[in-house]
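Asker: Predicted model, plus sequence, below.
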Amino acid sequence: MSDVAYPRVQSHLARLKLPRMAECVDIVAQEAAKHDWTYLEFLDQLLDTEVSARYERDVAMKTKLAHFPFAKTLDQFDFSFQPAISERQIRELATLSFIANGDNVLFLGPPGVGKTHLAIALGMIAIQHAISVYFTTTVDLLDQLHRDAKEDRLDHRLQTLCRPRLLIVDEMGYFPLDRMAAQFLFQLVSRRYSRGSIILTSNKSYGEWGDIFADQVLAAAILDRLLHYSTTINIRGQSYRLREKRKAGVFTELAELQKEA
């Protein structure tokens with residue numbers, strides 16, 4: 001590349017806001033000369049560096065906005081430890097057809113069996129496909145709703161939670177919902193019905209949801225909308241969190257101490 005052309009190319013790339021191409025133009029040009037690429041092949045490779053960089057930035061930004069508590073992938077999930085889960089069914093969910101159809105996914109089961117892991121893993125896959133995602137626990141949502149109620153911002157919160165194409169609500173059922181929160185959830189589910197998907201995790205069976213909401217009628221109305229277009233994954237198994245403790249013999253030692261006592 002001539003002494004005159006090089007600074008001009010760098011200037012054009014800067015003006016066009018193509019920083020990754022500016023960084024890589026030397027390396028790509030050297031590869032082009034080494035392998036005798038055509039002009040079109042050189043341009044293709046150079047453009048690919050910019051597209052890849054923008055994709056990585058977009059994924060990073062969407063991941064930050066999703067507010068995941070931690071990063072988990074499907075490859076990290078030990079399906080052999082939870083044989084009750086159909087890996088084929090989870091892989092089918094990972095195609096994200098449920099989001100395209102506006103369907104919901106509900107993971108039910110006791111604490112520690114991998115519900116949150118699977119929910120986040122599906123959320124991360126969605127982000128990789130340029131789908132907006134937002135994650136919240138039920139406890140955090142309740143705290144936010146009570147702050148919003150004092151500031152008369154519940155309508156704004158409802159609009160905010162309706163924007164992402166995928167909303168993940170984690171840990172439903174650990175704490176009862178007061179009437180204000182239950183009514184808000186009903187409105188949220190109704191607004192997103194067939195328009196935006198929800199992944200919800202809960203330690204309660206559907207028959208126990210009346211206890212969560214303290215209102216059987218409201219619980220039935222929410223479930224009716226959640227379940228109409230949905231997939232339910234019931235997970236029955238041991239806790240991942242306690243697996244290493246069992247391997248280390250912690251529970252055996254505890255049992256022996258209790259016997260001695």
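Answerer: Everything's here; your move. Remember, predicted model here, so these are calculated numbers, not experimental data.

Asker: So which residues of this protein form strands?
Answerer: Counting by DSSP state E, the chain has strands at residues 104-108, 133-137, 166-172, 197-202, 230-234.

Asker: among these, which is nearest residue 44?
Answerer: Closest to residue 44 of those, according to C-beta to C-beta: strand 133-137, at 31.3 Å. No exception for glycine: its C-beta is placed from N, CA and C like everyone else's.

Asker: what bits of the stretch 151-261 of the chain have low per-residue confidence?
Answerer: Where the stretch 151-261 of the chain drops to pLDDT under 70, the residues are 241-261.

Asker: tell me the domain boundaries of the chain?
Answerer: Domains of the chain are assigned by automatic domain parsing as 5-60, 74-244.

Asker: wait, which of the strands of the chain is closest to residue 4?
Answerer: strand 133-137 (47.7 Å).

Asker: Using PDB, write out every CA atom in the closest one.
Answerer: These are the backbone C-alpha positions of strand 133-137, laid out as PDB (Å, rounded to 0.1, in the frame of the first residue of the first chain):
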ATOM      1  CA  VAL A 133     -33.300 -10.400  27.200                       C
ATOM      2  CA  TYR A 134     -34.000  -9.200  30.800                       C
ATOM      3  CA  PHE A 135     -33.400 -11.300  33.900                       C
ATOM      4  CA  THR A 136     -34.900 -10.700  37.400                       C
ATOM      5  CA  THR A 137     -35.500 -12.700  40.500                       C
END
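
Asker: Please list the residues outside it that contact it.
Answerer: With C-beta atoms under 8 Å, 6 or more residues apart in numbering as the test, strand 133-137 has contacts from 62, 65-69, 119-120, 123, 126-127, 144, 161, 163-171.

Asker: Show me which of those are buried.
Answerer: Listed as buried from the contacts of strand 133-137 are 62, 66, 68, 119-120, 123, 126-127, 144, 161, 164-171; burial here means 16 or more other C-beta atoms under 10 Å.

Asker: could I get the strands of the chain as CSV with distance to residue 10?
Answerer: CSV is the format used below for these (distance: least, C-beta to C-beta, whole Å):
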stretch, distance to residue 10
strand 104-108, 48
strand 133-137, 37
strand 166-172, 40
strand 197-202, 44
strand 230-234, 52
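
Asker: what's the closest of the ones you listed to residue 224?
Answerer: Using C-beta to C-beta, the nearest of these to residue 224 is strand 230-234, at 10.7 Å.

Asker: Quick check: which helices or strands does that closest one pack against?
Answerer: helix 87-93, strand 104-108 (3 or more C-beta pairs under 8 Å, 6 or more residues apart in numbering; DSSP states H and E).

Asker: redo that, cut-off 6 Å
Answerer: Other elements packing on strand 230-234 under the criterion 3 or more C-beta pairs under 6 Å, 6 or more residues apart in numbering; DSSP states H and E are strand 104-108.

Asker: which residues touch the strand it packs on?
Answerer: Identification of contacts with strand 104-108 by C-beta atoms under 6 Å, 6 or more residues apart in numbering yields 98, 115, 118, 197-202, 226, 230-234.

Asker: follow-up on the earlier one: which of the domains of the chain sits most buried?
Answerer: Mean neighbour count (mean count of other C-beta atoms under 10 Å) peaks for domain 74-244 among the domains of the chain, with a mean of 17.
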